[in-house]
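Q: any chance you could fold what I've pasted below:
(chains A, B, C and D)
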There are 2 protein chains.
Amino acid sequence: METRTLTARTSPESARDIPEATVARLPVYLRALTTLSEQGTGTCSSEELAAAAGVNSAKLRKDLSYLGSYGTRGVGYDVDYLRYQIAREIGVTQDWPVVIVGIGNLGHALANYSGFRSRGFRVVALLDADPDRHDEVVAGVDVRPFNELEGIVTEHGVAIGVIATPALAAQDVADRMVATGISSILNFAPTVLSVPAGVDVRKVDLSIELQILAYHEQRKSHGQVTA
Amino acid sequence: METRTLTARTSPESARDIPEATVARLPVYLRALTTLSEQGTGTCSSEELAAAAGVNSAKLRKDLSYLGSYGTRGVGYDVDYLRYQIAREIGVTQDWPVVIVGIGNLGHALANYSGFRSRGFRVVALLDADPDRHDEVVAGVDVRPFNELEGIVTEHGVAIGVIATPALAAQDVADRMVATGISSILNFAPTVLSVPAGVDVRKVDLSIELQILAYHEQRKSHGQVTA
DNA sequence: TAGATTGTTAATCGATTAACAATC
DNA sequence: TAGATTGTTAATCGATTAACAATC
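A: Residues are numbered from 1 along each chain as shown, chains lettered A, B, ... in the order given. Coordinates of the predicted model:
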């Protein structure tokens, strides 16, 4: 991901420079803390939280150190307090409005995914180019024509778009999203998107994940012995 | 007596040591080459392939150098030849049998995803613990009870399992998969799995991806200027 | 041969990790 | 105070990148 940013390092509060690898783990810590909180755990050590998040504790402490000093030496972390601080750092203390484009099998699954709501996102619109899908209601939201994108983005202040179309349509959808002011895109279509600098794209690709597993699997069977 | 993993580095052919970051990009190159091939391109330079894959050409050439020397100086790469070499390196010159467990919205979408077949995978079974889903047919495959896992894994020699269950069921499913001999797991459930050494887990988490985007989005609006 | 482009080197950058001083 | 655990340091490791010699 290419983010070319000039940081106005004026305010002392904001804009600490958090490494990308750390940013990618903050949501994992947030989820682990939510689980701990639901289990009634009030305090945890870096060792415990690290175990719950599936990382080692040195990495966890190093990651948290970029956010500030939210633990107590000799004691550990207050679960709810740390959870709030991480949620604030990520920016999910309020909901982000999201549009999903392409309401096929995967789009349906995404629209129905209940986890978005509790994790800081609200699906405000489902769009599809196919008229046969219009006015279908998925998870309580109408499927609307794709050309309503601009109105919806403007109306709700949408900054994040999800692309779940076939590969061939994805670049056009991305272009239209960018034109309407969306600057973060989650792409499920199996294609490389090109977008202007300043727009973030993340890609989720099922076959690629399976192929990475296949590579390692192949190596396990050939000429290696595990005892 | 404890014997750790002993790599038989005897054969000169196999077991080159490809960095993990490179392994994760090989499927991207493979897809780009497939697209080029379909467009009728016979030869491409590292610059062209890199552009199609969304990386810079230095990184591409470095990555390919771990596989061998498959280009021609002054000319470039033969698209179909390089495509075959990468497919062979990944291990997708034949199909890998795969089982999907958890046939909810997401499981349906995965089962219907046509891209698996063309990229080296064959869904041999769909399993679900819920009797109401049994004998439903999704994408031409019967949904079967979860306890048929072992028989299916043995019968088809399944090494790769996909978990698309709710979070609470995921660890149990993973345990059962490992017990039957599956050693690679693609996990869509929003939970950290613990598995023994030697088992690979990859995780796809929709909310985490969105939260990473949200983090950067938040920074774009507050006191940062993107150029 | 001259031009083009690979494959490799080496420098740089970023991420991980162990160890421990600080401090509750 | 003694024990526990954080936050930070510094060393190590792995990934990226530019530059260019090799060579078609």
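Q: pLDDT below threshold where in chain A?
A: Scanning chain A for pLDDT under 70 picks out A:1-16, A:222-227.
Q: get me the contact residues on it for DNA strand D.
A: By CB under 7 Å from any atom of the strand, the residues of chain A that approach DNA strand D are A:44-47, A:57-58, A:61-62, A:64-65, A:69-77. Every C-beta, even on glycine, is put in place using the N, C-alpha and C of the backbone.
Q: filter those residues down to just the ones in helices.
A: Among those, the subset assigned to helices under DSSP state H consists of A:Ser46, A:Glu47, A:Ser57, A:Ala58, A:Arg61, A:Lys62, A:Leu64, A:Ser65.
Q: how far does the helix ranked longest in chain A sit from its chain's centre?
A: Among the elements of type helix in chain A, defined by DSSP H, the one spanning the most residues is helix A:20-38. Helix A:20-38 has its C-alpha centroid displaced from the chain centroid by 12 Å (CA atoms, centre = their mean, to the nearest Å).
Q: need the residues of chain A near DNA strand C, please.
A: Proximity of chain A to DNA strand C is confined to A:19-22, A:55-56, A:58-59, A:61-62, A:72-75 under the rule CB under 7 Å from any atom of the strand.
Q: filter these down to the buried ones.
A: A:Thr22, A:Val55 (16 or more other CB atoms under 10 Å in any protein chain shown).
Q: quick one, phi psi at the nearest residue to A:Gly91 once chain neighbours are set aside?
A: Counting by CB to CB, 6 or more residues apart in numbering or on different chains, the nearest residue to A:Gly91 once its immediate chain neighbours are dropped is B:Gln218, at 3.4 Å. Taking degrees, to the nearest 10, you get phi -60, psi -40 for the backbone angles of B:Gln218.
Q: A:Ser57 against A:Ser46, yeah?
A: Yes - with contact taken as CB atoms under 8 Å, A:Ser57 and A:Ser46 are classed as touching, separated by 4.5 Å.
Q: residue boundaries of the strands in chain A?
A: According to DSSP state E, chain A carries its strands in the segments A:5-7, A:43-44, A:71-72, A:76-78, A:96-101, A:121-128, A:137-138, A:141-145, A:160-163, A:184-187, A:200-203, A:224-225.
Q: what does the third one contact?
A: With CB atoms under 8 Å, 6 or more residues apart in numbering or on different chains as the test, strand A:71-72 has contacts from A:Ser46, A:Leu64, A:Tyr77, A:Asp78, A:Leu82.
Q: residues touching the last one, list them.
A: Okay, so that is A:Leu82. Taking CB under 8 Å, 6+ apart as the definition of contact, the neighbours of A:Leu82 are A:Leu33, A:Leu64, A:Tyr70, A:Gly71.
Q: do that again at 10 Å, thanks
A: Counting by CB atoms under 10 Å, 6 or more residues apart in numbering or on different chains, A:Leu82 touches A:29-30, A:33, A:36-37, A:43-44, A:49, A:64, A:67, A:70-71, A:76.
Q: got a PyMOL select line for the buried ones in those?
A: The PyMOL command for the buried members of these (criterion: 16+ other CB under 10 Å) is given here:
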select buried, chain A and resi 29+30+33+36+43+44+49+64+67+71+76
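Q: and the residue in chain A that DNA strand C sits nearest to, how far from A:Ser45?
A: Here chain A gets closest to DNA strand C at one residue, A:Gly74, 2.3 Å apart by CB to the nearest atom of the strand. With distances defined as CB to CB, to the nearest Å, the gap from A:Gly74 to A:Ser45 amounts to 10 Å.
Q: can you lay out the ones in helices among the residues of chain A next to DNA strand D as TSV showing distance to A:Pro190?
A: What follows is these, written out as TSV (distance: CB to CB, whole Å):
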residue	distance to A:Pro190
A:Ser46	39
A:Glu47	40
A:Ser57	37
A:Ala58	37
A:Arg61	38
A:Lys62	35
A:Leu64	36
A:Ser65	38
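Q: I figured A:Val162 hits A:Ala174, correct?
A: No - with contact defined as CB atoms under 10 Å, A:Val162 and A:Ala174 do not form a contacting pair (11.1 Å).
Q: the two: who's more crowded?
A: A:Val162 (31 against 24; other CB atoms under 10 Å in any protein chain shown).
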